[in-house]
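Enquirer: A structural model of the following input is requested.
(2 chains)
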Amino acid sequence: AQSVTQLDSQVPVFEEAPVELRCNYSSSVSVYLFWYVQYPNQGLQLLLKYLSGSTLVKGINGFEAEFNKSQTSFHLRKPSVHISDTAEYFCAVSPSGSARQLTFGSGTQLTVLP
Amino acid sequence: DTGVSQDPRHKITKRGQNVTFRCDPISEHNRLYWYRQTLGQGPEFLTYFQNEAQLEKSRLLSDRFSAERPKGSFSTLEIQRTEQGDSAMYLCASSSSVHTEAFFGQGTRLTVV
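Expert: The predicted model follows:
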């Protein structure tokens, strides 16, 4: 079984400042890692994913994430945020090698302040 | 490719009534998932289909819940005798054998009054 912990439920940040959203996971098997974004009353949109290989992955909208196996973390970063980045962000894992169901964290609400 | 489509987007029902939601996956995606998301929480897995076969069901899926995917295309999720605790966003996602990620629909928000 897998579990995901998103360490911050809310992150306020000023526009053009950098941001890091933290995610830790637990699993007895190898996993794939994902970050999704959800805007109000919308479904989830994939930001980026880690499958294997380079531990630094780049996604859409200028986001990137780094996989750290020893710390079982997959933190999401953006060097300069915009107002439009205000949304809920979810970290998720699934067992690697299959398209099994995702296990999500409880989410981090990113609020970008003018 | 119009993405995953869910209908209706919103549903308000009285406690005790039955409701049915529909999900149309991305064409040619053979895998379909249902998730439930309550306020302030991440989505929780409910069930998974590969083609028309329902391969996994979460223990969250009580006997009041049933899901089908006839002919391996669209899927329906029915909730019988709804309870206030069923109020949530119900999300559908699909993927193919070659994709490692799931593509989500916009969800159906259910309110039980």
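Enquirer: So what would you say the end-to-end distance of stretch A:92-106 is?
Expert: 10 Å (C-alpha to C-alpha, to the nearest Å).
Enquirer: Quick check: buried residues in it?
Expert: A:92-96, A:99-105 (16 or more other C-beta atoms under 10 Å in any protein chain shown). (Glycine included, C-beta is placed from N, CA and C.)
Enquirer: what's the closest of those residues to chain B?
Expert: residue A:104 (3.2 Å; C-beta to the nearest C-beta).
Enquirer: Could you check how far the closest one is from residue A:80?
Expert: 27 Å (C-beta to C-beta, to the nearest Å).
Enquirer: can you name the two of the buried residues of stretch A:92-106 that are farthest apart?
Expert: In these, the most distant members under the criterion C-beta to C-beta are A:99 and A:105, with 19.5 Å between them.
Enquirer: so of the buried residues of stretch A:92-106, which ones are in strands?
Expert: A:92-95, A:103-104 (DSSP state E).
Enquirer: Which stretches in chain B count as helices?
Expert: Assigned helices in chain B: none (criterion: DSSP state H).
Enquirer: Quick check: residues of chain A near chain B?
Expert: A:4, A:32, A:34, A:36, A:41-46, A:49, A:51, A:90, A:92, A:99-107 (C-beta under 8 Å from any C-beta of the partner chain).
Enquirer: Which residue would you name as the spatial centre of chain B?
Expert: residue B:34 (3.5 Å; C-alpha atoms, centre = their mean).
Enquirer: That one against residue B:90, yeah?
Expert: Yes: counting by C-beta atoms under 8 Å, residue B:34 touches residue B:90, with 6.7 Å between them.
Enquirer: any residues in contact with both of these two?
Expert: B:46, B:77 (C-beta atoms under 8 Å, 6 or more residues apart in numbering or on different chains).
Enquirer: From the chain's centroid, how far away is stretch A:39-46?
Expert: Averaged C-alpha coordinates place stretch A:39-46 at 14 Å from its chain's average position (C-alpha atoms, centre = their mean, to the nearest Å).
Enquirer: Enumerate the positions of that stretch that are buried.
Expert: The neighbour-count check on stretch A:39-46 (16+ other C-beta under 10 Å) flags A:43-44, A:46 as buried.
Enquirer: Now tabulate the residues you listed in CSV and tack on pLDDT and secondary structure.
Expert: Output for those, formatted as CSV (pLDDT from 0 to 100; DSSP: H, G, I helix; E, B strand; the rest coil):
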residue, pLDDT, secondary structure
A:43, 86, coil
A:44, 92, strand
A:46, 94, strand
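Enquirer: wait, what's in contact with residue 44?
Expert: All of this refers to chain A. A:36-38, A:90, B:43, B:91, B:93, B:104.
Enquirer: let's do chain B instead
Expert: Contact analysis of residue B:44 by C-beta under 8 Å, 6+ apart lists A:104, B:35-38, B:58, B:60.
Enquirer: Derive a ChimeraX selection command for the buried subset of the residues you listed.
Expert: Listed next is the ChimeraX selection for buried residues among the contacts of residue B:44, using 16+ other C-beta under 10 Å:
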select /A:104 /B:35,36,37,58
